[in-house]
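1. the amino acid sequence is not available; the structure is as follows:
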């Protein structure tokens, strides 16, 4: 190896493992979304039409609707973070000088973490409002 050539990064199976873990996370988020949306739609069907005409939407139906929208938004954010991260890891073999580009950016990790926490809060609110 000459002094001018740089060592090359061999990612091994890391990109595949990371992609699989992101896919599992997204699948879990989609399942949570389905249950939250299902609860909201059932609450919309169960409401009393006479009470709806007199008072408008009940607080728990509106709360479930907000939880459903938050869940949908967080899943979209998670998908965007996953796509960005998987593209970086699947970029191929790169010189080690660019190792900073390979590491997950703090913004991506913070955004994904915040999205997961928001989804958990939406799920807890949907469970609480559903009863």
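-> Sure thing, it's come through. Keep in mind that what you see is a predicted model, and the values were worked out from it rather than measured.

2. next, count neighbours for residue 74.
-> Using other C-beta atoms under 10 Å, residue 74 has 24 neighbouring residues. Bear in mind the C-beta positions are built from the backbone N, C-alpha and C, glycine included.

3. I figured it hits residue 115, correct?
-> Yes. Judged on C-beta atoms under 8 Å, residue 74 makes contact with residue 115 at a distance of 4.2 Å.

4. tell me the mean pLDDT over whichever strand or helix holds residue 121?
-> Here residue 121, judged by DSSP states H and E, is contained in helix 106-130. Helix 106-130 shows a mean pLDDT of 90.

5. same check on stretch 39-55?
-> Stretch 39-55 carries an average pLDDT of 69.

6. so who does residue 30 touch?
-> residue 75 (C-beta atoms under 8 Å, 6 or more residues apart in numbering).

7. kindly report the same for residue 130.
-> Residue 130 sits next to 39, 43, 60, 64 when contact means C-beta under 8 Å, 6+ apart.

8. again, 10 Å this time
-> For residue 130, the contact set (C-beta atoms under 10 Å, 6 or more residues apart in numbering) comprises 35-36, 38-40, 42-43, 60, 63-64, 67.

9. what's the ChimeraX line that selects buried ones from those?
-> To isolate the buried members of these in ChimeraX, using 16 or more other C-beta atoms under 10 Å:
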select :35,36,39,40,43,60,63,64,67
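
10. now the contacts of residue 130 as TSV including secondary structure and distance to residue 29?
-> Supplementary listing: the contacts of residue 130 in TSV, determined by DSSP: H, G, I helix; E, B strand; the rest coil; distance: C-beta to C-beta, whole Å:
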residue	secondary structure	distance to residue 29
35	helix	11
36	helix	10
38	helix	15
39	helix	16
40	helix	16
42	helix	20
43	helix	21
60	helix	23
63	helix	20
64	helix	17
67	helix	13
